[in-house]
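K.L.:
predicted structure and sequence below. I'll ask about it afterward.
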Amino acid sequence: MESILIVIQLLVSVALVIVVLLQRSEGGALGMGGGGSGLGGLFSPRGAADTLTRATTILAVVFFLSSLGLTLVALHGRPQSNSLLDSGAPAPSTTAPAPKQAPTPANPLSPSVPTPH
């Protein structure tokens, strides 16, 4: 299931990039699609723009749905936690650990060296 969603995600991503690049810019100078004859003479320039806008919307919805599906598939195998903020780390214990006591030196006259924490 995951591999199917990845393939769909890849194909939709490539198609979305192509459709966005085919659209005309605000100034109309950078758009490759449309032109005087439309896309292969099948559409008027306005009809081609509407078709590309509709295709962009549909591809964007499919992209977000496949992203959501991939996320749900990835989280399906994980154990459930008690809260949404739980990162999977073990819960801290309620009892405080006993403080470590420094070892007593063998010779009481020797200087004590602090131990690293």
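P.N.:
Now that the structure is in, tell me what you want to look at.

K.L.:
and T53, what element?
P.N.:
In this assignment (DSSP states H and E), T53 forms part of helix 45-76.

K.L.:
and that helix, what does it pack onto?
P.N.:
helix 2-22 (3 or more C-beta pairs under 8 Å, 6 or more residues apart in numbering; DSSP states H and E). Yep, even glycine has a C-beta here, placed from its N, CA and C like the rest.

K.L.:
report the buried residues of the helix it packs on.
P.N.:
5, 8-9, 12, 15-16, 19, 22 (16 or more other C-beta atoms under 10 Å).

K.L.:
same check on stretch 109-117?
P.N.:
Buried, per 16+ other C-beta under 10 Å, within stretch 109-117: nothing.

K.L.:
low pLDDT regions in this structure?
P.N.:
Within the chain, the stretches with pLDDT under 70 are 26-46, 81-94, 96-99, 102-108.

K.L.:
the helix holding T53 to helix 2-22, inter-axis angle?
P.N.:
Interaxial angle of helix 45-76 relative to helix 2-22 (axes from the mean of the first three to the mean of the last three C-alpha atoms, to 10 degrees): 150 degrees.
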